[in-house]
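>>> Prediction below, plus the sequence it came from.
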Amino acid sequence: MSQPVLLRASVLFAVALLVSACATQPRGADVEGVEGRVDILPEAGVDTEERRRARIRMELAAGHYRQRNYQTALSELRTALEIDPSYASAYGMLGLIYMDLGDNIRAESSFKRALELAPGNSDLNNNYGWFLCQTGRERESVARFERAASDPLYPVPAKALHNAGVCLRKIGDENGAEQYLQRAFRLDPLNPVAMYNLGEIYLDRQDFDRARFYAQRLVKNHDPAPQTLWLALRVERALQNREGVLSLGTQLRRRFPTSREADLLRQGKFDD
């Protein structure tokens, strides 16, 4: 069985697909991810002088975070929280930074403090869910994604749903993953993470027509990536479409000659 797409919160991916920003990025820390650029939602009903000053510090921190200047970002966030200790989004951003740094104890503490202050914040629930998924608590993460997706004001519910699907694939729950990925696809029919994972699920099940639907839609609607071309090629090979295999293989070798997928093609390892 092929492995699910594992996504990290802070990794840039040039073709905006498989190594995506599945955690919602903080204001100013724009990352080219699956859904493009997404900000942490402002906390409703809070607009004090302290909050405005703290927000300026957080925006400065976000700029440093975007450049991976973590220590400077942390310093700005500490200042923001000295000004306004109740600023949940600042704690949420601390969680993302500590997660990137591999400091899971501080990351979890920061996320939990953020959610104590703003338990209904969908971005915080999504990001904490992704942290749980990456630290071996995939089942626990699903409730956080559900909470984020159920918020009628959350602008990207499909993100939370496809995150749940990816996390369930990670632990081998293909049926559960399929349900979440289908929900994400229904909300966002151009969602590349949902399409890719659904294509892989149906290819693994030998449901080749359904696999082709998602693979072809993915290739048609998004800039090609080695992973997506490889998925489409394997589907066409399973359907014994030699012309399709040749066309996709040519694209893969020409566009991504040094990719892992091009190497697998040269070796004829279609099941890896």
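Noted; the coordinates are in hand.

>>> alpha carbons only for contacts and neighbour counts from here, please
Will do.

>>> can you give me the helices in the stretch 101-250 of the chain?
104-117, 122-134, 138-149, 157-170, 174-187, 192-204, 208-221, 226-238, 242-255 (DSSP state H, counting those that start in this stretch).

>>> Let me know which of those is the nearest to Asp84.
Among these, the nearest to Asp84 by Cα to Cα is helix 104-117 (12.0 Å).

>>> Under the pLDDT cut-off, which ranges of this protein? List them.
Applying pLDDT under 70 to the chain picks out residues 1-46.

>>> Excluding chain neighbours, give the residue nearest to Pro119 in space.
Asn125 (7.8 Å; Cα to Cα, 6 or more residues apart in numbering).

>>> can I assume the one you found is in contact with Phe145?
Yes: assessed by Cα atoms under 8 Å, Asn125 is found in contact with Phe145 at 6.6 Å.

>>> thinking again about what came up before, for Ala164, see how far away the residue nearest to Pro119 is.
Using Cα to Cα, to the nearest Å, Asn125 is found at 12 Å from Ala164.

>>> Also Arg242?
Taken as Cα to Cα, the span from Arg242 to Ala164 is 35 Å.

>>> The two: which is more packed in?
In this view Arg242 and Ala164 are compared by other Cα atoms under 10 Å, and Ala164 has more residues nearby, 31 against 13.

>>> doesn't Val142 make contact with the more buried one?
Yes: proximity of Ala164 to Val142 meets the contact threshold set by Cα under 8 Å, at 5.4 Å.

>>> that older thread, so what's the residue count around the residue nearest to Pro119?
Neighbours of Asn125 (other Cα under 10 Å): 29.

>>> swap in Ala114?
With other Cα under 10 Å as criterion, Ala114 counts 25.

>>> correct me, but it touches Met93?
No: using Cα under 8 Å, Ala114 is not in contact with Met93; the gap is 9.1 Å.
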